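*Asks:* Provided below for reference: sequence and predicted model.
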Amino acid sequence: MNSKRRIAIPIIVLLLVTITGGYYLWQQKKGGHGAREAGRGDQAKQLYTCSMHPFIIKDKPGTCPICGMELIKKIDTAPAVGATQTPEQKQQADMLGHVSLSPTQQVMAN
């Protein structure tokens with residue numbers, strides 16, 4: 001019985017190490033391949049959009065299928081990772097989408 005344990009325990013440990021190591025290497029291979037493709041996609045892929053219909057996004061230049069306007073290059077407005085913003089830039093980013101009216105315009109708009 002004792003000799004069986006001497007053989008069985010190292011075999012079980014070896015199997016566990018092999019399975020765990022194989023799974024780890026498989027995950028690394030799968031994750032590394034996706035990261036390489038994502039890096040290539042960011043560099044090579046330029047998107048085009050319609051200025052009147054921003055939900056129209058194409059991967060090559062042409063015309064908008066709705067209004068027929070020329071598509072323009074889509075610009076990523078997100079700041080770069082690690083980039084610091086000045087207080088003025090932060091205020092402008094916060095106000096994006098807000099409308100401001102002069103007192104005369106407010107009266108006319110009721």
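*Replies:* Great, that's in hand.
*Asks:* and Ile9, how many neighbours does it have?
*Replies:* Residues lying near Ile9 (other C-beta atoms under 10 Å) number 10. The way it works is simple: take the backbone N, C-alpha and C, and place the C-beta from them, glycine included.
*Asks:* quick one: contacts for Ile66?
*Replies:* 50, 52-53, 56 (C-beta atoms under 8 Å, 6 or more residues apart in numbering).
*Asks:* are any of these buried, and which?
*Replies:* The neighbour-count test (16 or more other C-beta atoms under 10 Å) marks 50, 56 as buried among those.
*Asks:* Just the closest of the contacts of Ile66 to Gly21, please.
*Replies:* Gly21 lies nearest to Ile56 out of those, by C-beta to C-beta, at 48.7 Å.
*Asks:* Phi, psi for the closest one please.
*Replies:* phi -80, psi 120 (degrees, to the nearest 10).
*Asks:* Give me the pLDDT for it.
*Replies:* Per-residue pLDDT puts Ile56 at 90.
*Asks:* residue ranges with poor pLDDT in the chain?
*Replies:* Applying pLDDT under 70 to the chain flags the ranges 1, 31-44, 76-83.
*Asks:* how about the strands in it?
*Replies:* Ranges of strands within the chain are 48-49, 57-58, 72-73, based on DSSP state E.
*Asks:* could you dump these to CSV with mean neighbour count and distance to Gln89?
*Replies:* Converted to CSV, these look like this (neighbours: other C-beta atoms under 10 Å; distance: least, C-beta to C-beta, whole Å):
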stretch, mean neighbour count, distance to Gln89
strand 48-49, 17, 23
strand 57-58, 14, 26
strand 72-73, 10, 22
